[in-house]
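Participant: Need coordinates for the below:
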Amino acid sequence: MNLKINFVFIVLALTTIVSRMAFADVVLFDKNDWKVSLNGFVEMDMFYDTTRSLIETAGNTPIARKGTEKGDSGRTQFSIRNSRFALGVYAPETDGWKSKGYFEIDFLGYHPDPSIDGPTEASFFSNPTLRVRHAYMTAEKNGWKFIAGQTWSLFGWQPDYVLASISVNPVTGTLYQRTQKVGAMKNFSLNSSQVLQAAAALERPTQRDGRIPNLEAGVRWLEQDRASGFNGPNSDIKNQPLSIGLSGTYRNFSEPDVTSGSTDTQLNLPSYAFAVDTLIPILASSEKGQVSNTLTLTGEFTMGKGYGDEMVGFTGGQHETLAVNTTPGSNIDLDHGLGGYVNSAGTFELLDLRTWNAELQYHPDEKMFVTLGYGQLWSSNISDFVGAPVKTDAGMSTYAASALYDRSEVKFMNVGYDCTSSLRVAGEFSQFTTQYVDGMATHDNRYMLASYFRF
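Facilitator: Numbers count the residues shown, from 1 in each chain. Have a look, this model is predicted:
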């Protein structure tokens, strides 16, 4: 191996690693038990929305209110921004240890929406910026697996139960977060077909001023003799076993206790949430690896406080909340959708959330899938923020019921077909709904076609 190849290996080994591939690998290099692989896909999306509320990823973004320009007008968008590619590095096995690395990027990099000051519409869609999705390393031995870097959160056993929408993931009511973490998982064989997985992780604190990492833990049971076909819009169609997963998260938040009269006094705000996930083969495979004529049900339920960061696009209508009795302009150091001061007395609340989703996916043959899904997110205490102080561009104001929303929903139906092993086409109809605290419900209907070249 020459010096240049050695340098590439060193850089990639320090910054990459993959736990499992969603699509095929193209081997770029295989020598002396070292392997470098490439995978990814090119995606072209074409979609029409009946409001001007969303871009590719809908998530839990609120739908604009009726009677407004955005709420009463539609728009058409074309995008290749969800295309991605990844490099994996596999090291030689040493003393029973198998290690590997993965680095994955896409073109959904951070950029302001073209409706606000920032890039032009042309540059937003035609010159997208790169974004790191994954950059992590794993090591495995004797049923143990250790991981460090940026990848999926353990909470909700992501991404195995993410709703398979053609709209760029995630859609409403789905746990979906990649973050920095260190963790470990152990597989226990219960018998020839059943496996119990136990995992724990320290993850980046949701609020760095909270001082301690998020603590995540979970257990999952799998029955490998009962399986059925399941896939995401850009991943291979393959068998997935019957499984039930439980997981939980603990977070800690810290904010000034303004009721004490001194911003030096801090409130310590612990929060907890749990999730139940399942994949159930209703029409199971008749033989190992077979996906034709299989029907799969997936579902997820979560509840807790202060985990809105796991729900992409969710804010509840919150903006930066002014900390009462502090110098104007001093805002709480907390991302939207997690909590805030709910009144002029300085009472602080974390947002209470509940989500659930369900999906049926049918595979008439090995090339086709049909999916029907539903997701919902609900907050029981977002209405407590009505009348709370808020800092806006125009100065001090208060939250109005017309700005806050306590429920988001999605219904969708899609169909996909593999023309070849690499080329897939798919279409979807979806409806996104936002329920505002003042009682108004708004809807966006999305009609979408997508194509994928997977490698």
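
Participant: From now on I want contacts and neighbour counts done on CA atoms only, so please keep to that.
Facilitator: Fine.

Participant: OK, contacts around the residue nearest to residue 190 when sequence neighbours are not counted?
Facilitator: Nearest residue to residue 190 in three dimensions, chain neighbours excluded: residue 196, at 6.8 Å (Cα to Cα, 6 or more residues apart in numbering). Counting by Cα atoms under 8 Å, 6 or more residues apart in numbering, residue 196 makes contact with 187, 188, 189, 190, 219, 220, 221, 222.

Participant: Any stretches of the stretch 251-400 of the chain with poor pLDDT?
Facilitator: Residue ranges of the stretch 251-400 of the chain with pLDDT under 70: 260-264, 320-331, 392-395.

Participant: circling back to that earlier point, turn the contacts of residue 196 into a markdown table, including pLDDT, secondary structure and distance to residue 409.
Facilitator: Formatted as a markdown table, the contacts of residue 196 follow (pLDDT from 0 to 100; DSSP: H, G, I helix; E, B strand; the rest coil; distance: Cα to Cα, whole Å):
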| residue | pLDDT | secondary structure | distance to residue 409 |
| --- | --- | --- | --- |
| 187 | 95 | strand | 36 |
| 188 | 95 | strand | 37 |
| 189 | 94 | strand | 39 |
| 190 | 96 | coil | 39 |
| 219 | 98 | strand | 28 |
| 220 | 98 | strand | 27 |
| 221 | 98 | strand | 29 |
| 222 | 98 | strand | 30 |
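
Participant: just the buried members of these?
Facilitator: Buried residues within those, counting neighbours by 16 or more other Cα atoms under 10 Å: 187, 219, 220, 221, 222.

Participant: is it possible to export those to JSON lines including distance to residue 141?
Facilitator: Formatted as JSON lines, those follow (distance: Cα to Cα, whole Å):
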{"residue": "187", "distance to residue 141": "11"}
{"residue": "219", "distance to residue 141": "19"}
{"residue": "220", "distance to residue 141": "19"}
{"residue": "221", "distance to residue 141": "20"}
{"residue": "222", "distance to residue 141": "20"}
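
Participant: out of those residues, which one sits closest to residue 147?
Facilitator: residue 187 (14.4 Å; Cα to Cα).

Participant: in the chain, which residue is closest to the centre?
Facilitator: In the chain, the residue lying closest to the centroid (Cα atoms, centre = their mean) is residue 176, at 1.9 Å.

Participant: roughly how far apart are that residue and residue 154?
Facilitator: Distance, residue 176 to residue 154, by Cα to Cα, to the nearest Å: 10 Å.

Participant: circling back to that earlier point, just send the contacts of residue 196 back as TSV, with distance to residue 259 too.
Facilitator: TSV is the format used below for the contacts of residue 196 (distance: Cα to Cα, whole Å):
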residue	distance to residue 259
187	49
188	51
189	54
190	54
219	41
220	44
221	47
222	50
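
Participant: out of those residues, who's nearest residue 340?
Facilitator: residue 219 (32.3 Å).

Participant: which SSE is the closest residue in space to that closest one that isn't next to it in sequence in?
Facilitator: Of all residues not flanking residue 219 in the chain, residue 198 sits nearest, at 4.5 Å (Cα to Cα, 6+ apart). Here residue 198, judged by DSSP states H and E, is contained in strand 194-203.

Participant: neighbouring strands for that strand, and are they parallel or not?
Facilitator: Here strand 194-203 has these sheet partners by DSSP bridges: strand 178-189 (antiparallel), strand 214-230 (antiparallel).

Participant: hey, where'd the helices end up in the chain?
Facilitator: 3-15, 69-72, 121-126 (DSSP state H).

Participant: Please report how far the nearest residue to residue 276 once chain neighbours are set aside lies from residue 274.
Facilitator: Closest residue to residue 276 apart from its sequence neighbours, by Cα to Cα, 6+ apart: residue 246 at 4.9 Å. According to Cα to Cα, residue 246 stands 7 Å off from residue 274.

Participant: try residue 220
Facilitator: For residue 220, the distance to residue 274 - Cα to Cα - is 13 Å.

Participant: Kindly report the same for residue 359.
Facilitator: Distance from residue 359 to residue 274, by Cα to Cα: 20 Å.
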